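Undergrad: sequence and predicted structure below; questions after.
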Amino acid sequence: MSQSGQHLTINGIRLWVEDTGGSGPPVLFSHGLLWSTRMFDAQVATLRSRYRCIAWDHRGQGRSDVPNVHAISIEDCYADAVALIEQLGVGPVHIVGLSMGGFVAMRLAARRPGLVRSCVLLETSAETEPAENVPRYRTLNRVTRWFGLRLVANKVMPIMFGETFLNDPARAVERAVWRERLSENRRDIWRAVNGVIERAPIMPELSHITAPTLIMVGDEDVATVPLKAERIHAAVRGSKLVRIPHAGHTSSVEQPGHVTAAIEAWVGRVEAGEHG
């Protein structure tokens, strides 16, 4: 991705921000846990010709700084998103959030509607982490804290990606790239993982979302199963739900063309006044 990147101090911590610039309507990208701005490279490459694309690494992840806390809360990440929009002076934005990025996007749309032009949610949930997942995730997190993610990458890849992507021989090189990116996470990523595991639900606030909202979910997502997306769809008035074929929890990577086309069409219709 060729847009400029820099560290900006947001709420007292340095966050890595990539901004294509330009005068087009702003589209803000909020990434998922264990990843970075890189998960939206394909989308930005296409959209940057028409829109100002801004992506940032959440605190404790990617190239952003890591606070010395037990858990980096979703509430702090939400506050960072608000401050980033206000500091750049780009609101209202089209916010695109995947998984953990969706936790942030839903809070932004529900609590600060004046900052959100439209909302695109991918592979996310408005509920707490399912109780059956917590022991497994805490075990993986403990290993990560002491030994790094490389040791558990083989366990994490099937959570992050669907069967189609994981088993396609033609995508072996691409799969290896993403496995390496996963493995390269700093050991202190455990702080961000705790924040996701311990998050509060946002479901009770979804009725406050008034921005046009597109919800997308891969039909192979095992981390936030399609039922989670259906519940968000039922709670957000006027929202649209789209299933992404042959995609798991990282659909922006697994089915980049499908995801990009859906975002481009949605944002374009909102800009043309066809939604909301």
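TA: Looks like it came in fine.
Undergrad: bridged to residue 242, which residues?
TA: According to DSSP bridges, the residues that bridge with residue 242 are residue 216.
Undergrad: make that residue 97, sorry
TA: Counting by DSSP bridges, the residues bridging with residue 97 are residue 30, residue 121.
Undergrad: please list all residues in contact with it.
TA: 29, 30, 103, 104, 105, 106, 119, 120, 121, 122, 124 (CB atoms under 8 Å, 6 or more residues apart in numbering). The C-beta positions use only the backbone N, C-alpha and C, and glycine is treated the same way.
Undergrad: now residue 115
TA: 82, 85, 86, 91, 92, 93, 108.
Undergrad: ChimeraX command for the buried members of the residues you listed?
TA: Command for ChimeraX that selects the buried part of the contacts of residue 115, burial taken from 16 or more other CB atoms under 10 Å:
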select :82,85,91,92,93,108
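Undergrad: and the contacts of residue 115, which of them are in strands?
TA: If you go by DSSP state E, the contacts of residue 115 have residue 93 in strands.
Undergrad: residue 52: which of the contacts of residue 115 is nearest?
TA: residue 93 (9.0 Å; CB to CB).
Undergrad: with just CA atoms, put stretch 44-51 into CSV.
TA: These are the backbone C-alpha positions of stretch 44-51, laid out as CSV (Å, rounded to 0.1, in the frame of the first residue of the first chain):
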residue,chain,number,x,y,z
VAL,A,44,-7.9,0.5,-0.2
ALA,A,45,-6.1,-0.2,-3.5
THR,A,46,-9.5,0.0,-5.3
LEU,A,47,-11.3,2.6,-3.3
ARG,A,48,-8.5,5.2,-3.0
SER,A,49,-9.2,6.6,-6.5
ARG,A,50,-12.6,7.8,-5.3
TYR,A,51,-12.3,8.1,-1.5
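Undergrad: picking up where we left off before, using JSON lines, lay out the contacts of residue 97 together with distance to residue 136, pLDDT and neighbour count.
TA: Compiled in JSON lines, these are given as follows (distance: CB to CB, whole Å; pLDDT from 0 to 100; neighbours: other CB atoms under 10 Å):
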{"residue": "29", "distance to residue 136": "28", "pLDDT": "98", "neighbour count": "27"}
{"residue": "30", "distance to residue 136": "25", "pLDDT": "98", "neighbour count": "31"}
{"residue": "103", "distance to residue 136": "19", "pLDDT": "97", "neighbour count": "27"}
{"residue": "104", "distance to residue 136": "24", "pLDDT": "98", "neighbour count": "27"}
{"residue": "105", "distance to residue 136": "26", "pLDDT": "98", "neighbour count": "30"}
{"residue": "106", "distance to residue 136": "25", "pLDDT": "98", "neighbour count": "29"}
{"residue": "119", "distance to residue 136": "30", "pLDDT": "98", "neighbour count": "28"}
{"residue": "120", "distance to residue 136": "29", "pLDDT": "98", "neighbour count": "28"}
{"residue": "121", "distance to residue 136": "24", "pLDDT": "98", "neighbour count": "31"}
{"residue": "122", "distance to residue 136": "23", "pLDDT": "98", "neighbour count": "32"}
{"residue": "124", "distance to residue 136": "19", "pLDDT": "98", "neighbour count": "29"}
